[in-house]
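Peer 1: Quick one, what's the 3D model for this:
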Amino acid sequence: MKSRVTLLVFIILVACISGNSFTTASETSWQKPILKSFTFTPTEIELSSENTEVEILLTVTHPSGISNQSIDVYLENSTYGANFIYSTKLFRTESPINSSLTIVNFKGSLKLDPTIFPGVWIFSSDSVTANPILDSPNFVPKSSTFTPPPFRDFVGAEAGLLIRRLGNLSFDFQTFVGPSHPANSYFEDGKPTIFPMMRPIWRVKESYDPKDFFQLRTNRTSLQITSLTPLTCSVNSSILNFISTGDCQFKVFTQKTTDFVAKELFLNVEILPERNKVNLNLPTIPTQLVTEFPKTISRSVITLDGAEVSPVSDTPTVCSAFGNVLTMYLTGNCVLSYSTVATESRLASGIIKQAFIVLQEGVVEPRPSPTASPTAFPTASPKSPTKNRIICAKGKTSKKVSGDNPKCPKGYKLKK
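Peer 2: This is a model prediction of the structure:
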């Protein structure tokens, strides 16, 4: 007896050290019945076909057994909810009934009404009751209602029965949410939304991509945009471009498909003149003659819309700028760069340079010696070799013949 007590104490100590707890069969009996599976076939039905019957199988488990002889199952439209519900009964499959079974299958079928709406329909069951617990007969574990687990990649219809009529599901699902910027309407279906931290710029020469401000909820359709005022704003390659000032009316939508009904959202915004270009008007800084380094001077502070625009030194070994103070450290070229970011009313400035020369008093900066350019001398043209010339005569006719060794043609004689 003593050894058995010692062994029990040892087991308890090991459990405490390891952080584990023991669960006895009696303890699990206090738990609710658990759903093992909830399936139905077929998972998609065409109402125009002859067979519109759905077979349903539900399996539950509990250590003390299941007391239910049957379970009520309901079919509810995912869009219209409790306004449209059909029901049927599932019965235990074992025969004869064995109430002590810890795993029980319930099976049944539902013949669909030919007038049922197409769409996504969701099955659910009544609660399931376990047998009373032997240690506490007044306590009867009872489950919550059960629904089938997800089995397909179809947002909004992951676990539903798809009912089509002539191929059309006509699923009334919010295919997109948005916009993320202030508008007359904002769609939200309870799912998390992820939008970039940006706002549209409603100005001429700007554009609007609906993908930046709306979130598509399904990959079975595409988000589109169209303009109702093409003289103010027009669409090109799914991007809305702002052409002129005035009212811009546009529609963001998904078209009707064999899966979804059409969804659309109308928006109306005012387009303002285009954003201003930035002109910083940087003053010219003359050449600085410094006696001793470092040397500081005051500089003009550049502002834009009341805010200071601070420069960055491209030549930090020569100079730096902070506030209205300009500090010079060495001789050379001092180059400062200014830039401003874009806002809703103005464009970005780009990089604007401000440069000047820093010299030291009494120090002659080395300059490269001028290189003499080669002088071009006229070149005498080679003289043509001197040619001999003779006069040849034939009667009263005479002709001149020239060459290195001229001779008179046949019939002519050299005239002396």
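Peer 1: so Lys400 sits right up against Ile391, yeah?
Peer 2: Yes: Lys400 is in contact with Ile391 according to Cβ atoms under 8 Å; the separation is 5.6 Å. To be clear about C-beta, it is placed using only N, CA and C from the backbone, and glycine gets the same treatment.
Peer 1: and those two? which has more neighbours close in?
Peer 2: Ile391 (14 against 10; other Cβ atoms under 10 Å).
Peer 1: The more buried one belongs to a strand?
Peer 2: Yes: going by DSSP: H, G, I helix; E, B strand; the rest coil, the assignment for Ile391 places it inside a strand.
Peer 1: check contacts around it.
Peer 2: Listed by Cβ atoms under 8 Å, 6 or more residues apart in numbering, the contact set of Ile391 reads 398-401, 414-415.
Peer 1: Compare the residues you listed and tell me which is most surrounded.
Peer 2: Counting by other Cβ under 10 Å, top hit in the contacts of Ile391: Val401 with 15 neighbours.
Peer 1: Please, which helix or strand holds that residue?
Peer 2: Element membership of Val401 [criterion: DSSP states H and E] is strand 397-403.
Peer 1: Against which helices or strands is that strand packed?
Peer 2: Contact analysis of strand 397-403 by 3 or more Cβ pairs under 8 Å, 6 or more residues apart in numbering; DSSP states H and E lists strand 388-394 as its packing neighbours.
Peer 1: just to revisit the earlier point, if you average pLDDT over the strand holding Val401, what comes out?
Peer 2: Averaging pLDDT along strand 397-403 yields 75.
Peer 1: gap between the residue nearest to Thr291 when sequence neighbours are not counted and Lys394?
Peer 2: Of all residues not flanking Thr291 in the chain, Glu361 sits nearest, at 4.9 Å (Cβ to Cβ, 6 or more residues apart in numbering). For Glu361, the distance to Lys394 equals 96 Å [Cβ to Cβ, to the nearest Å].
Peer 1: Neighbour count for those two, which is higher?
Peer 2: Neighbour totals were compared for Glu361 and Lys394, and Lys394 leads with 14 against 8 (other Cβ under 10 Å).
Peer 1: Who are the contact partners of that one?
Peer 2: Lys394 sits next to 411-413 when contact means Cβ under 8 Å, 6+ apart.
Peer 1: ok, how many other residues are close to Phe213?
Peer 2: Neighbour number of Phe213 under other Cβ under 10 Å is 19.
Peer 1: Torsion angles phi and psi at it?
Peer 2: When read as degrees, to the nearest 10, the backbone of Phe213 gives phi -130, psi 0.
Peer 1: Same question for Lys211.
Peer 2: phi -70, psi -20.
Peer 1: got the contact list for it?
Peer 2: Lys211 makes contacts with Leu223, as judged by Cβ under 8 Å, 6+ apart.
Peer 1: how does it look with 10 Å?
Peer 2: 176, 178, 196, 223, 225, 238-239 (Cβ atoms under 10 Å, 6 or more residues apart in numbering).
Peer 1: Also Asn83?
Peer 2: Here Asn83 is in contact with 76-77 (Cβ under 10 Å, 6+ apart).
Peer 1: What is the burial count for Pro42?
Peer 2: For Pro42, using other Cβ under 10 Å, the count is 14.
Peer 1: Surely it and Leu110 touch.
Peer 2: No: using Cβ atoms under 10 Å, Pro42 is not in contact with Leu110; the gap is 11.8 Å.
Peer 1: so what sits against both of the two?
Peer 2: Contacts common to Pro42 and Leu110, judged by Cβ under 10 Å, 6+ apart, are 52-55, 161.
Peer 1: Flag the least confident of these.
Peer 2: Within the set of the shared contacts of Pro42 and Leu110, pLDDT is lowest for Thr52 (92).
Peer 1: how about the nearest residue to that one, chain neighbours excluded?
Peer 2: Residue nearest to Thr52 in three dimensions, not counting chain neighbours: Leu112, with 4.2 Å by Cβ to Cβ, 6+ apart.
Peer 1: Having no further points to raise, I will conclude here.
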